[in-house]
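S.K.: Provided below for reference: sequence and predicted model.
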Amino acid sequence: MRNKEDISKHVISMIQNSTLVTRGLCAFIILLYLIGFIPSVDTQLVMTPGFLIPPQVKVWTLVTSPFYETSFIVLLMDLAVLTVVGHVLEPLWNIRSYLIFIAVVNVGGLTLAALICYAVYFIARLESFLFLPFNGMYGFTCACAVAFKQAHPDRPVLPVLPFLRYKDLPILLLLVFVTLTVLGILSSSYVIMSSTYIVVSWVFLRFYQTKSDGSRGDMADSFSFASFFPEAVQPLVSVASGSVFHLLVMTSICPEAVRTYDVGASSSAITITLPGTLPADAQRRKQRAIKALNERLNKLDQPQSSQWPSMEDEDSTPSQPLPQGSPDTIELQDVAVETEPSKETTNEPALTTTDHTS
């Protein structure tokens, strides 16, 4: 009980320091939680695929279901997730883009989940899929993990776990839900909802989200569909997803991929701009390239420093003038002759030395 009170105080403090949009969403979740204590009202708040079609047609559950929770502990977790997500994504985008993202992934994810249940019913005749309850923010959490992967792919999720990065978070959450479903702890609705939210959020951010410069989507290679999977299977996934993408482009469902290239470092330089990516995306790739280059240079510094001999020999005796006609004099002349063309090709003045020895 003591821990529950401490968690509640911490969550309330986070909400008080959040933005107006986040506080509004948190108030909506709390309101639905309190309404849920009314007897038999949960059937009016939870999305059930069989009740989206006639004669019920409860389409409003597409809005209420993602924010409806029946457990107080899970409610606190949802409020914490909303606070963190709002703190990261709202400044990165803007209020309008953030609200559009919330609406698209919730309505689109639940609609796709209902279509999957209809398909399972018609193919396998499993009537139970028509009455699977879908509610809670676990699907929206997976969608936000996709947004975090896009914004900060190489940033660690927790400082104590530097190997766990945001680019691995979506597939990790999906594996957790699959494992708990196989063990019988969760129902299959968790797997369906989390997978559909991941797909819908990726499609929206990849092709349709409007950026501040008027472009749409994010065609970065680090945000491709194959990047969600382990590197061992990425080539196979890339071929399959590329074929599906070309089919969707031919049917005008998805727009054709267009990239942006800026040439020039100053205001007087030539700049070529094509719609497709933001300067922030280019800066993100630039930072990754600089980091990779520094790592390679650090690896090359050590062998190079050990291979090159020292130009000064402390134990060597003072050099004596070479006698004329010696072999060393002949080799030095040969070197001078060989380096003569390089002086002409580089158009640099020849270096003249004067021998002061008598």
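M.R.: All right, it came through fine. Numbers count the residues shown, from 1 in each chain.
S.K.: does Y197 touch C142 like I think?
M.R.: Yes. Counting by C-beta atoms under 8 Å, Y197 does reach C142; the two are 4.8 Å apart. Where C-beta positions appear, they are placed from N, C-alpha and C, glycine not excepted.
S.K.: distance check, the residue most central in space within the chain against F229.
M.R.: The residue lying closest to the centre of the chain (C-alpha atoms, centre = their mean) is K149, at 2.1 Å. K149 is 12 Å from F229, where distance means C-beta to C-beta, to the nearest Å.
S.K.: and if you look at L82?
M.R.: Per C-beta to C-beta, L82 is found 28 Å from F229.
S.K.: settle it for me: which of the two has more neighbours?
M.R.: L82 (27 against 14; other C-beta atoms under 10 Å).
S.K.: show me the contacts for the more buried one.
M.R.: 22, 25-26, 29, 137 (C-beta atoms under 8 Å, 6 or more residues apart in numbering).
S.K.: okay if I get those residues as JSON lines plus secondary structure, pLDDT and neighbour count?
M.R.: Shown next, in JSON lines, are these (DSSP: H, G, I helix; E, B strand; the rest coil; pLDDT from 0 to 100; neighbours: other C-beta atoms under 10 Å):
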{"residue": "T22", "secondary structure": "helix", "pLDDT": "90", "neighbour count": "21"}
{"residue": "L25", "secondary structure": "helix", "pLDDT": "92", "neighbour count": "23"}
{"residue": "C26", "secondary structure": "helix", "pLDDT": "92", "neighbour count": "23"}
{"residue": "I29", "secondary structure": "helix", "pLDDT": "94", "neighbour count": "19"}
{"residue": "M137", "secondary structure": "coil", "pLDDT": "93", "neighbour count": "25"}
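S.K.: now the residues you listed in TSV, with distance to Q234?
M.R.: Below are the contacts of L82 laid out as TSV (distance: C-beta to C-beta, whole Å):
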residue	distance to Q234
T22	35
L25	35
C26	38
I29	37
M137	30
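S.K.: just give me the closest of the residues you listed to L92.
M.R.: Taking C-beta to C-beta as the measure, L92 lies nearest T22 of these, at 13.8 Å.
S.K.: surely the closest one is in contact with V84?
M.R.: No. Under the criterion of C-beta under 8 Å, T22 makes no contact with V84, lying 9.4 Å away.
S.K.: can you give me the strands for the stretch 101-250 of the chain?
M.R.: Under the criterion DSSP state E, counting those that start in this stretch, strands of the stretch 101-250 of the chain are mapped to 156-158, 161-165.
S.K.: need the winner for burial among the ones you listed.
M.R.: strand 156-158 (a mean of 13; mean count of other C-beta atoms under 10 Å).
S.K.: which outside residues touch it?
M.R.: Contact partners of strand 156-158, identified using C-beta under 8 Å, 6+ apart, comprise 162-166, 169.
S.K.: distance from that strand to the middle of the chain?
M.R.: Computed by C-alpha atoms, centre = their mean, to the nearest Å, the chain-centroid distance of strand 156-158 equals 13 Å.
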